[in-house]
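Engineer: Just to be clear, the model below is a prediction. Sequence and coordinates:
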Amino acid sequence: MRYLRKKITTGKAENVARSLLGHYLCRKTEDGLVKGMIVETEAYLSKNDQACHASRGKTRRNETMFGEAGKAYIYFIYGNYYCFNVVTGPIGQGEAVLVRAVEPLEGLDLMRERRGYPELDRDLTNGPGKLCQAFAIDRTLDGHELWQEPLYLKENSSINEKTEVKATPRIGISVATSKKLRYIISGSNYLSRRESLE
DNA sequence: GTTAAGATCTGCT
DNA sequence: GCAGATCTTAACG
């Protein structure tokens, strides 16, 4: 298994959001390795997207969003939680993909410890704040290059060609709610919301 | 300096 | 299904 080719994280956020599904997110700390498969993402565009942090220009918080594709954009929200994004656009563009949920694969015990031993394994990582807790991701990793340790993307060379991807409205935003920029692996048991019938 | 809102989660009903 | 916790950020004065 190799590191994810950098070009997969480069391009229009909608396309990258779709492409990242099924690949792996890995996190190494001195406590060990944690690994999960990406099952849910959201695209945040730079233009005509009021929900995107970059839509009102560069600030100290969002400046990595305007940086190089393949870097991590991490921000703190609601007084308690971090959200993890992959920057996708060329320098100056301001687009990114929010990783909302992964399926836990390795380091389950470490995730349980960090998450306070939830009853169900899917509660380890089925939400942007939860997966950051399980993966020990915080602002110190903002701007980190995702093709090297200790936080990196790895290729899944055996993604099922028949994997069904669905696009739905994004979650938790109050503007631009009609755009279908949330992408999920249909049928996954590790999504942040139960798949609705559409 | 002050204030209001936020790409969420948890626990309770 | 819904309200409360919690505090950083950015917009405004």
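Structural biologist: Yep, it's here. Residues are numbered from 1 along each chain as shown, chains lettered A, B, ... in the order given.
Engineer: Can you list phi and psi of the residue of chain A found nearest DNA strand B for me?
Structural biologist: As assessed by C-beta to the nearest atom of the strand, DNA strand B sits closest to A:G172 within chain A, at 1.7 Å. No exception for glycine: its C-beta is placed from N, CA and C like everyone else's. Backbone torsions of A:G172, given as degrees, to the nearest 10, read phi 80, psi 10.
Engineer: so what pLDDT did it get?
Structural biologist: pLDDT, A:G172: 95.
Engineer: Any part of the host helix or strand of A:V99 near DNA strand B?
Structural biologist: Using DSSP states H and E, A:V99 sits in strand A:96-106. Yes. Contact of strand A:96-106 with DNA strand B (C-beta under 7 Å from any atom of the strand) involves A:A96, A:L98.
Engineer: What segments of chain A are strands?
Structural biologist: Counting by DSSP state E, chain A has these strands, from start to end: A:24-29, A:32-44, A:72-77, A:81-87, A:96-106, A:147-148, A:151-154, A:165-168, A:182-185.
Engineer: so for the strand holding A:V99, what's the average pLDDT?
Structural biologist: Rounded mean pLDDT across strand A:96-106 is 98.
Engineer: Next, the angle strand A:81-87 makes with that strand.
Structural biologist: If you take axes from the mean of the first three to the mean of the last three C-alpha atoms, to 10 degrees, strand A:96-106 sits at 110 degrees to strand A:81-87.
Engineer: can you pull the buried residues of strand A:96-106?
Structural biologist: For strand A:96-106, the neighbour count (16 or more other C-beta atoms under 10 Å) marks A:A96, A:V97, A:L98, A:V99, A:R100, A:A101, A:V102, A:E103, A:P104 as buried.
Engineer: Show me what that strand is packed against.
Structural biologist: With contacts defined as 3 or more C-beta pairs under 8 Å, 6 or more residues apart in numbering; DSSP states H and E, the packing partners of strand A:96-106 are helix A:13-20, strand A:24-29, strand A:32-44, strand A:81-87, helix A:128-134.
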